[in-house]
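Engineer: Quick one, structure for this:
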Amino acid sequence: MTPSYGGLALEIVVPVFNEEAVLENSITRLAEYLKHEMPSTWKITIADNASTDRTPVIAARLSEHMPNVEYRRLEVKGRGYALRDAWSASEAKVLAYLDVDLSTDLAALPPLVAPLLSGHSDISIGTRLGQSSRVSRGPKREFISRSYNFLLRRTMQVRFSDAQCGFKAIRADVAKRLLPHVEDNEWFFDTELLIIAERSGLRIHEIPVDWVDDPDSRVDIKKTALDDLRGMVRVAGSLVKGVIPVQAIYAELGRRPIVPSGRPSFFGQVLRFGLVGAVSTLAFALLYLVLQGPFGAQEANFLALLLTAVGNTAANRRFTFGISGPEKIFTQQFQGLIVFLLAWTITSSSLLILHAASPDAAPNLELMTLTAANIFATLIRFVLLRLWVFRVRRSDGSRISVASTLAPTGSVL
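Structural biologist: This next block holds a predicted model:
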């Protein structure tokens with residue numbers, strides 16, 4: 001990992017806010033590890049964002065007495081502010097950050113930065129959700145983390161598995177290009193940076209980590225979760241409007257061409273649509289059972305339907321109709337919700353019509369009516385997804401169905 005160009009290879013930023021209890025021990029431990037295990041030149045920067053306890057005093061003393069340790073002070077609170085300030089001022093080739101509690105085993109640090117120092121990757125992140133990751137944390141935080149990352153992957157169509165692990169690194173030239181487009185300056189900073197990076201065709205390297213939950217964590221989980229959801233909506237809107245120039249970033253730094261994958265045949269689409277529907281039905285049942293207790297029947301039904309609809313549209317987009325690029329993803333998700341609501345209206349109205357015509361209809365007649373309505377609604381959903389939601393454009397601008405792109409010239413499907 002030793003760079004051939006000389007100069008500072010790695011700068012590790014440790015953002016802190018009122019961390020007087022752990023700061024000295026963590027920085028000392030980190031510096032000792034780097035001294036013995038990191039062959040490249042390195043520096044630690046303590047990025048203090050408006051601490052009000054003894055953190056500034058301890059950090060200043062550490063920077064005076066320890067080589068390769070620097071202290072930066074900001075009068076504004078926010079982890080994103082601290083990282084943006086320190087990374088923007090850095091002269092290192094690779095920029096990284098670690099949570100001050102050092103919850104992630106430091107043995108993962110060399111493999112985190114190695115692909116960036118070599119030029120192989122653009123961003124590197126630790127993941128607590130990998131099969132070989134070893135994680136110790138409570139069931140509540142485990143459930144929240146996995147649910148957030150699942151929702152992120154299904155709605156934003158990203159491939160990275162863990163957006164929130166406080167163990168990341170980025171090449172300095174990439175950070176310089178991306179940071180101006182990252183609006184959040186708090187906990188959503190990481191997620192927004194990663195979404196923009198992946199949409200721009202940058203290579204994100206993941207490594208499994210060993211991670212132990214900090215029992216003294218003061219993160220407001222509820223507030224952070226709501227802020228993250230608002231952030232996802234904002235970033236989605238910016239991508240749809242073209243505010244974030246992902247194509248320009250891709251042209252400058254991107255690793256791979258964004259090309260559509262092969263389209264399944266019409267028969268293959270039918271089979272895949274049925275499989276996705278079966279999985280969605282099972283997912284709805286499981287979600288309803290989990291959510292019914294804390295939310296009640298009506299709320300649980302709505303949330304389970306909403307989550308299932310989002311997942312169903314994403315699965316049909318990628319699996320059934322073979323669309324993998326970022327183009328029109330949010331428009332298609334919105335259209336997918338409209339199609340879902342239409343299908344739901346058909347099934348719900350069928351019972352209303354039956355009871356209006358025959359108030360004393362037998363249960364078996366109700367079942368037959370619902371079955372027929374579901375079959376009809378399923379056919380309507382497939383037709384609308386194929387001919388409306390997931391249609392593509394020819395180069396001359398005329399509209400065709402996804403399946404039609406596979407048809408030989410002159411043939412009719």
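
Engineer: now the helices for the stretch 301-413 of the chain?
Structural biologist: Using DSSP state H, counting those that start in this stretch, the helices of the stretch 301-413 of the chain run over 329-357, 363-384.

Engineer: Can you tell me which helices and strands the first one packs against?
Structural biologist: Meaning helix 329-357. Packing contacts for helix 329-357, counted by 3 or more Cβ pairs under 8 Å, 6 or more residues apart in numbering; DSSP states H and E, involve helix 221-241, helix 297-315, helix 363-384. All C-beta atoms are positioned from the backbone trio N, CA, C, and that covers glycine.

Engineer: sorry, back to before: tell me which of the helices of the stretch 301-413 of the chain lies nearest to D101.
Structural biologist: Among the helices of the stretch 301-413 of the chain, helix 329-357 comes nearest to D101, with 35.7 Å by Cβ to Cβ.

Engineer: What does the pLDDT read for N301?
Structural biologist: Looking at N301, its pLDDT stands at 63.

Engineer: re the thing from before, export the helices and strands packed on helix 329-357 as JSON lines, with columns for mean neighbour count.
Structural biologist: As requested, these are arranged in JSON lines below (neighbours: other Cβ atoms under 10 Å):
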{"stretch": "helix 221-241", "mean neighbour count": "15"}
{"stretch": "helix 297-315", "mean neighbour count": "18"}
{"stretch": "helix 363-384", "mean neighbour count": "14"}
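
Engineer: For the ones you listed, please prepare TSV with the additional fields distance to Q332.
Structural biologist: Compiled in TSV, these are given as follows (distance: least, Cβ to Cβ, whole Å):
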stretch	distance to Q332
helix 221-241	11
helix 297-315	7
helix 363-384	12
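
Engineer: between these, which gets nearest to P56?
Structural biologist: helix 221-241 (24.8 Å).

Engineer: Please list the residues outside the closest one that contact it.
Structural biologist: 141, 144, 148, 151-152, 155-156, 183-184, 186-188, 191-192, 195-196, 199, 244, 246, 326, 330-331 (Cβ atoms under 8 Å, 6 or more residues apart in numbering).

Engineer: Quick one: low-confidence residue ranges for the stretch 101-250 of the chain.
Structural biologist: 215-222 (pLDDT under 70).

Engineer: what about 80?
Structural biologist: Residues of the stretch 101-250 of the chain meeting the criterion pLDDT under 80: 138, 140-141, 154-155, 157, 214-226, 240.

Engineer: Please enumerate the helices of it.
Structural biologist: 109-117, 139-156, 172-178, 189-199, 221-241, 246-253.

Engineer: looking at these, which is buried most?
Structural biologist: Mean neighbour count (mean count of other Cβ atoms under 10 Å) peaks for helix 189-199 among the helices of the stretch 101-250 of the chain, with a mean of 24.

Engineer: Show the secondary-structure elements that that helix is packed against.
Structural biologist: helix 79-89, strand 123-127, helix 172-178, strand 204-208, helix 221-241, helix 246-253.

Engineer: so that helix versus helix 221-241, what angle?
Structural biologist: Counting by axes from the mean of the first three to the mean of the last three Cα atoms, to 10 degrees, helix 189-199 points 30 degrees away from the direction of helix 221-241.

Engineer: Show me the contact partners of helix 189-199.
Structural biologist: Contacts of helix 189-199 (Cβ under 8 Å, 6+ apart): 79-80, 83-84, 122-123, 125, 152, 156, 158-160, 163-164, 168, 170, 174, 178-179, 181-184, 204, 228, 231-232, 235, 239, 244, 246, 249, 326.

Engineer: Stretch 104-116 too?
Structural biologist: Residues from elsewhere that reach stretch 104-116 (Cβ under 8 Å, 6+ apart): 1, 10, 29-30, 33-34, 37-38, 40, 93-94, 96, 98, 121-126, 165-171, 205, 207-211.

Engineer: Generate a ChimeraX selection restricted to the buried entries among those residues.
Structural biologist: Selecting only the buried entries of these in ChimeraX, with 16 or more other Cβ atoms under 10 Å as the criterion:
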select :1,10,30,34,38,40,93,94,96,98,121,122,123,124,125,126,165,166,167,168,169,170,171,205,207,208,209,210,211
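
Engineer: Could you give the separation of stretch 126-140 from the chain centroid?
Structural biologist: 16 Å (Cα atoms, centre = their mean, to the nearest Å).

Engineer: next one: stretch 149-164
Structural biologist: 3 Å.

Engineer: First-to-last residue distance for that stretch?
Structural biologist: 8 Å (Cα to Cα, to the nearest Å).

Engineer: quick one: the residue nearest to R134 when sequence neighbours are not counted from V279, how far?
Structural biologist: Spatial nearest neighbour of R134, chain neighbours left out: D210 (4.5 Å); criterion: Cβ to Cβ, 6 or more residues apart in numbering. Going from D210 to V279 by Cβ to Cβ, to the nearest Å gives 32 Å.

Engineer: do H65 as well
Structural biologist: With Cβ to Cβ as the criterion, H65 and V279 are 59 Å apart.

Engineer: Between those two, which has more neighbouring residues?
Structural biologist: Higher neighbour count among H65 and V279: V279, with 15 against 8, using other Cβ atoms under 10 Å.
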